[in-house]
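Undergrad: The sequence and its predicted three-dimensional model are supplied below.
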Amino acid sequence: MRAFYRSLVIGAAFSMAMGIASKTAISATVLSEEKISQIVMVRNVTVKDGAVSGEVVNTSRRTLREVQLLIPHSWLWKNEFQPGKDDPGTAAYYTVEKEIAPGASARFTYNPPSPLPSRADGYFETTVSVAGFTEVIR
């Protein structure tokens with residue numbers, strides 16, 4: 001019985017030590033576009049042959065990391081009333097791996113895994129938006 005109590009006390013001490021050492025996690029929060037733009041924004045976007053470059057700007061008071069961008073290459077038909085059957089539109093997520101300090105920016109360049117097709121029946125319209133990010137709370 002004495003061994004049981006000793007293991008119980010050791011287990012309780014271990015659990016308390018682990019609880020003190022563990023980090024608190026905050027769950028994901030869904031934000032409106034307006035709220036996101038108060039924290040992080042994308043500017044100076046250029047597109048050349050499917051490659052997308054620009055800047056991610058931290059407009060918040062906290063450090064940001066793992067800013068995830070959504071980059072859709074939307075296909076617009078020349079004749080929207082009679083579109084073709086083969087829509088080459090595509091989209092990708094790209095993560096900016098750098099930590100971005102408050103007020104600072106980070107450049108990014110995304111190159112698609114294969115070139116976008118060049119076709120006469122339409123054209124691509126490429127946009128970039130923020131899909132997610134992590135705020136560092138110290």
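TA: Thanks, I have the structure now.
Undergrad: can you list the residues that contact stretch 102-111?
TA: Residues outside stretch 102-111 that contact it (C-beta atoms under 8 Å, 6 or more residues apart in numbering) are 43, 50-63, 67, 69, 71, 92, 94, 96, 98, 100. Where C-beta positions appear, they are placed from N, C-alpha and C, glycine not excepted.
Undergrad: Sorry, slip of the keys, the one I care about is stretch 73-93.
TA: 50, 68-72, 110, 112, 116-117, 119-127, 131.
Undergrad: Strands - which of the residues you listed land there?
TA: Of the contacts of stretch 73-93, the ones assigned to strands by DSSP state E are 68-72, 110, 122-126, 131.
Undergrad: Of the contacts of stretch 102-111, keep whichever come out buried.
TA: Using 16 or more other C-beta atoms under 10 Å as the burial test, those include 50, 52, 54, 56-58, 63, 67, 69, 71, 94, 96, 98, 100 as buried.
Undergrad: Out of the helices and strands in the protein, which is least certain?
TA: helix 2-21 (a mean of 44; mean pLDDT, DSSP states H and E).
Undergrad: so the residue sitting nearest the centre point of the chain bridges to which residues?
TA: In the chain, the centroid-proximal residue (C-alpha atoms, centre = their mean) is Gln68; its distance is 1.1 Å. Counting by DSSP bridges, Gln68 is bridged to Thr95, Gly132.
Undergrad: who's in contact with it?
TA: Here Gln68 is in contact with 93-96, 130-133 (criterion: C-beta under 8 Å, 6+ apart).
Undergrad: if we go to 6 Å?
TA: 93, 95, 131-132 (C-beta atoms under 6 Å, 6 or more residues apart in numbering).
Undergrad: that older thread, can you say which of the contacts of stretch 73-93 are buried?
TA: By neighbour count, with 16+ other C-beta under 10 Å, the contacts of stretch 73-93 hold 50, 69, 71, 110, 112, 116, 122, 124, 126 as buried.
Undergrad: quick one: which of those residues is nearest Ser37?
TA: Leu69 (13.9 Å; C-beta to C-beta).
Undergrad: I'd assumed Tyr94 was in contact with that closest one.
TA: Yes: assessed by C-beta atoms under 6 Å, Leu69 is found in contact with Tyr94 at 4.8 Å.
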